[in-house]
Structures are given as C-alpha cells and as structure tokens.
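[1] Pasted the sequence and its predicted model underneath.
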Amino acid sequence: MKSSIKKVPKAAKKTVALKQSKTPAANMANEPIINYSYQRPDVKNVAYPMAHNHLQVSIAQGATLLSNSNNRPESQLTAFDKMNFIRIGVSKKELEGFKNKATLDYDQLASALSVTRATLINKKGNDKFNPSLSERIISLADIYSYGYKVFEYEARFNAWMFSPNQALGGLLPFKLMDNQFGREEIKNMIGRIEYGVYA
C-alpha cells in the first residue's frame, strides 16, 4: 500500500531523499527522510508533519521512556519486570521525561491516567506515585514504546495518536487510553500495523 506526499515547491523537492525500510510497518512506501507531510493510508485527509532529517532519529528498536533497572524499552519488559517496576513506583521525574517525549500536557496525561491534574503536578522530583497509578503510567509508556518501535519515529506516532482513525469510527486513538480495554485495543491496532494489516 502506498503513502502519498503533499506537493512541495520545485526548489524544495531537491531536498527530499528516500530510504527503504526493512520493517513491514514502514514498507507502506519509500519513506521520505525530509518532507513536509506524510499521509497515512489508514486515515484519509490527515497529513502528519515530519521532522527534518538532522532532527529525526530512528528508534526502530523501541525507546525507553521511564527509567527501569533493566534499561530496556517498556514494550520489551517481561510481566515480572513490570510488576517489580510497579512495586518500586514511577517517580515524578520519570513521568516528566515521558510527558516531554510524548509531547503531552498535564491535562492530557491526567485524562489518560484517570486522575486529577493536581495529583500529577503535586509530586516533586524523585517522589513516587502509588502502585495503582504507577501501573497505569507503565501501561501508557508500554504502548508509546511499542508505537515508537513500529512507527520508527516518535513524531510520527505522536501525530497518529491524535489523528482521527477510521477503524475507531473517527475517534482519536489517544481518547481510548483512559481504560484497560481501550489501551488493549490501541496496542492491538499497532500490532496489526506492524504486520502490514493497517488499522
């Protein structure tokens, strides 16, 4: 299935380079390293802004969004790794790092985690969140880590999360992140994209 690139001025077209990707998710077409917009095949009339190549870093192996003793992307942690992480607790500093990488604000995080904004803001530095909230934070980071691996670029996945999706009846994927079943559905969708079944 092919992606399309919006027309850019002739002078700018010289700066557009193409690369072949070995991953099924990225083989929708020759992905542009430098471009002005990227059209996903599963969402009509929605263009995703892309970063310039000197800022755009491939993370095909996934990204570690929260500090953990295994120093592995959350999507690669075992169930026991995640349980231990929950018992230790996620710190405010770790949440801040995830928030910045995912380009989320506190209102969006509070909505996805089903807590008040004050609950997130009042913690400081290395203060830990309780196990229940830590579990939801890790679950959220797990999905973002997996999404970054499949989409290969953080900006691309971040944009996808806030773009209307036909498979969801036009809803934004992020809007489903406030409960366990919604998170499972989004993770399944990412899995389908990884194996070439576009959601």
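    That came in fine, so what should we check first?
[2] isn't Phe151 right up against Trp160?
    Yes - taking Cβ atoms under 8 Å as the definition, Phe151 is a contact partner of Trp160 at 6.6 Å. (C-beta placed from N, C-alpha, C; glycine too.)
[3] Pull up the overlap in contacts between the two.
    None of the residues lies in contact with both Phe151 and Trp160 under the rule Cβ atoms under 8 Å, 6 or more residues apart in numbering.
[4] can you tell me which residues contact Pro125?
    For residue 125 the amino acid is Gly, not Pro. Going by Cβ under 8 Å, 6+ apart, Gly125 touches Ser91, Lys92, Lys93.
[5] Check which helices and strands the longest helix along the chain sits against.
    For the chain, the helix that runs over the most residues, judged by DSSP state H, is helix 131-151. In terms of contacts (3 or more Cβ pairs under 8 Å, 6 or more residues apart in numbering; DSSP states H and E), helix 131-151 is packed against helix 79-88, helix 92-101, helix 106-113, helix 154-161, helix 180-194.
[6] okay, the angle between the second one and helix 154-161?
    With axes from the mean of the first three to the mean of the last three Cα atoms, to 10 degrees defining the directions, helix 92-101 sits at 80 degrees from helix 154-161.
[7] Now do helix 92-101: everything it contacts.
    By Cβ under 8 Å, 6+ apart, the list of residues contacting helix 92-101 reads 63, 65-67, 105-106, 109, 120, 123-127, 129, 137, 140-141, 144, 154.
[8] now do 6 Å
    Leu65, Leu66, Ser67, Leu109, Lys123, Lys124, Gly125, Asn126, Asp127, Ala141 (Cβ atoms under 6 Å, 6 or more residues apart in numbering).
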